[in-house]
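Undergrad: Sharing a model prediction with you, sequence too.
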Amino acid sequence: MGLFDKLKKGLSKTRETFFGGIKTLFAGKKLDDEVLEELEEILIMSDMGMETVEKILDDLKSEYKKQEPDDPLLLLRDIMVSNLESEGFNANPQQNPYIIFVVGVNGSGKTTTIAKLSKKYISEGKKVAIAAADTFRAAAIEQIKHWGEKIGATVIAHEHGSDAAAVVFDTLKHAKSKGKEIVIVDTAGRLHNKSHLMEELKKIKRVIEKETDGPHETLLVLDGTTGQNGVQQAKAFKDSVDITGVVVTKLDGTAKGGIAFSINNQLNIPIKMIGVGEKEDDLQMFDPKSYVNALLGVEDDG
Ligand SMILES: Nc1nc2c(ncn2[C@@H]2O[C@H](COP(=O)(O)OP(=O)(O)O)[C@@H](O)[C@H]2O)c(=O)[nH]1
Ligand SMILES: [Mg+2]
């Protein structure tokens, strides 16, 4: 299956529930008030966030008048794309080791995303070391070790309950001495309380800063099914560590694909990758145009 077909398959739920309806709504009709009102409803239900919906509708109205397009669906597509921000995946980073710090609440998909991302780097011929710095749950250490074996990444782990920053320290030492080009740091998503978690993440960040010129990327992993709640969570992480990109996971399991727009517009952080399944190949680099094409059911024209 090609990348776009896979994306389309992953986004089938949100397309079938919301966005796909726009094609039918627009078919052979003028964009009068009635059509626009229905469009507004669809966009709001998709979790796009009110502000973005209004912006898109305003743009659509004025451009529609100006351009009188044959196919208003393509005009809407272009306007939606312009409301998404992306930044590419750094497949060949200059820094060595290149350090990716991964944060997010429990269950958001951090560990799975790390496995998927490691696999991408390994397939680029890079050696990957993973810090099992979610020491809060014993199962979390086992989970990342298991992934490491499966995809061929080295996992550095200490005992359950040990200091997460010390695991990171050891992983950096290992990477330098063994020539591992990529270091990815897995972290806990829940400690006794939120401030405890944020303190731990800051401590890890300080260790990375002290030992290297990283972190070069700090990825926030966000569960796409949590809707506007997820956006609130993201704000807390953004305030504690400098987030450089967001990974939206579980887009295959949600009807609310509009969340990507909310993240961009409310947080001002680019989306870098999206998760569209549980397997190691189900991570895609975020491409706004392909994403919107897949949502609307428009053929991908490159
Ligand atoms: N359907 C689907 N499930 C996912 C995706 N990413 C992660 N998961 C699942 O979400 C659950 C929690 O993932 P995990 O990586 O352990 O989250 P963590 O607590 O943030 O490390 C697991 O059952 C994963 O298989 C995704 O893109 N799609
Ligand atoms: Mg985990």
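TA: Yep, it's here. Numbers count the residues shown, from 1 in each chain. Ligands and ions are numbered 1, 2, ... in the order given.
Undergrad: Get me the contact residues on the stretch 201-302 of the chain for ligand 1.
TA: When proximity is defined by CB under 6 Å from any ligand atom, the stretch 201-302 of the chain lies next to ligand 1 at 221, 249, 250, 252, 253, 275, 276, 277, 278, 282. C-beta coordinates here come from the backbone N, C-alpha and C atoms, glycine included.
Undergrad: Lowest-confidence entry in those?
TA: Lowest pLDDT among those: residue 253, with 87.
Undergrad: so where do the helices sit in the stretch 1-150 of the chain?
TA: Assigned by DSSP state H, counting those that start in this stretch, the helices in the stretch 1-150 of the chain fall at 3-10, 12-14, 20-26, 33-45, 50-67, 72-82, 110-123, 138-151.
Undergrad: hmm, back to that, I'd like to know which of the residues of the stretch 201-302 of the chain next to ligand 1 is nearest to ligand 2.
TA: Ranked by distance to ligand 2 (CB to the ion), these are led by residue 221 at 9.1 Å.
Undergrad: circling back: mind putting the residues of the stretch 201-302 of the chain next to ligand 1 in CSV, distance to residue 185 included?
TA: Below are these laid out as CSV (distance: CB to CB, whole Å):
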residue, distance to residue 185
221, 12
249, 17
250, 22
252, 26
253, 26
275, 18
276, 24
277, 24
278, 22
282, 21
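Undergrad: so can I have a markdown table of the residues you listed showing secondary structure, neighbour count and distance to residue 159?
TA: Converted to a markdown table, these look like this (DSSP: H, G, I helix; E, B strand; the rest coil; neighbours: other CB atoms under 10 Å; distance: CB to CB, whole Å):
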| residue | secondary structure | neighbour count | distance to residue 159 |
| --- | --- | --- | --- |
| 221 | strand | 26 | 25 |
| 249 | strand | 30 | 28 |
| 250 | coil | 21 | 31 |
| 252 | helix | 21 | 35 |
| 253 | helix | 16 | 33 |
| 275 | strand | 25 | 29 |
| 276 | coil | 25 | 35 |
| 277 | coil | 19 | 32 |
| 278 | coil | 13 | 28 |
| 282 | coil | 18 | 31 |
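Undergrad: Now whatever residue of the chain ends up closest to ligand 1: closest residue in space, sequence neighbours ignored.
TA: Shortest the chain-to-ligand 1 distance, computed as CB to the nearest ligand atom: residue-wise this is residue 275, at 2.6 Å. Excluding the flanking residues, the one nearest residue 275 by CB to CB, 6 or more residues apart in numbering is residue 249, at 3.5 Å.
Undergrad: Get me the contact residues on the stretch 1-150 of the chain for ligand 2.
TA: 110, 111, 140 (CB under 5 Å from the ion).
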